[in-house]
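> whatever this is, show me its structure:
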Amino acid sequence: QVQLVESGGGLVQPGGSLRLSCAASGDSLDYYAIGWFRQAPGKEREGVSCASSSDGSSYYAPSVKGRFTISRDNAKNTVYLQMNSLKPEDTAVYYCATVCWSAAKDYRSWGQGTQVTVSS
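Predicted coordinates for the structure are as follows:
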């Protein structure tokens, strides 16, 4: 079973950029759709982006479209989330998973996530 570890979070000023990594072990990510999610304090976890396993398509929540980019590096068995033009409302713990969007409600293999804080 694939295991995922998130990294790359940190403190960044509004307008700045970060690149999050989702590194996999135990199986190849080639076989999985990969979703990025985030959870802000006091809020429910929400889907941010999804990379399809089949045709390479990428999907984004309206709140991040045009600012975030999801990508795969199959050689490194890693999925990235490039986040540009960050806003304070992007502050959250970010998680990756082998599901996307509403399928996450049944997902039980959440990692520790990586904290992203956007503040001046």
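> count the neighbours of the residue lying closest to Ala92 once chain neighbours are set aside for me.
By the measure of CB to CB, 6 or more residues apart in numbering, the closest residue to Ala92 outside its immediate chain neighbours is Arg38, 3.7 Å from it. (C-beta placed from N, C-alpha, C; glycine too.) Arg38 sits with 24 neighbouring residues when counted by other CB atoms under 10 Å.
> one more: Val2?
The number of residues packed around Val2, counting by other CB under 10 Å, is 15.
> list the contacts of it.
With contacts taken as CB atoms under 8 Å, 6 or more residues apart in numbering, Val2 has the following neighbours: Ala24, Ser25, Gly26, Asp27, Ser28, Leu29, Tyr32, Thr98.
> Asn84 now?
Listed by CB under 8 Å, 6+ apart, the contact partners of Asn84 are Ser17, Arg67, Phe68, Thr69.
> rerun at 6 Å
By CB atoms under 6 Å, 6 or more residues apart in numbering, Asn84 lies in contact with Ser17, Arg67.
> which of the residues in the helix or strand containing Cys22 are buried?
For Cys22, the enclosing helix or strand under DSSP states H and E is strand 18-25. Taking 16 or more other CB atoms under 10 Å as the neighbour-count basis, strand 18-25 is seen to contain the buried residues Leu18, Leu20, Ser21, Cys22, Ala23, Ala24.
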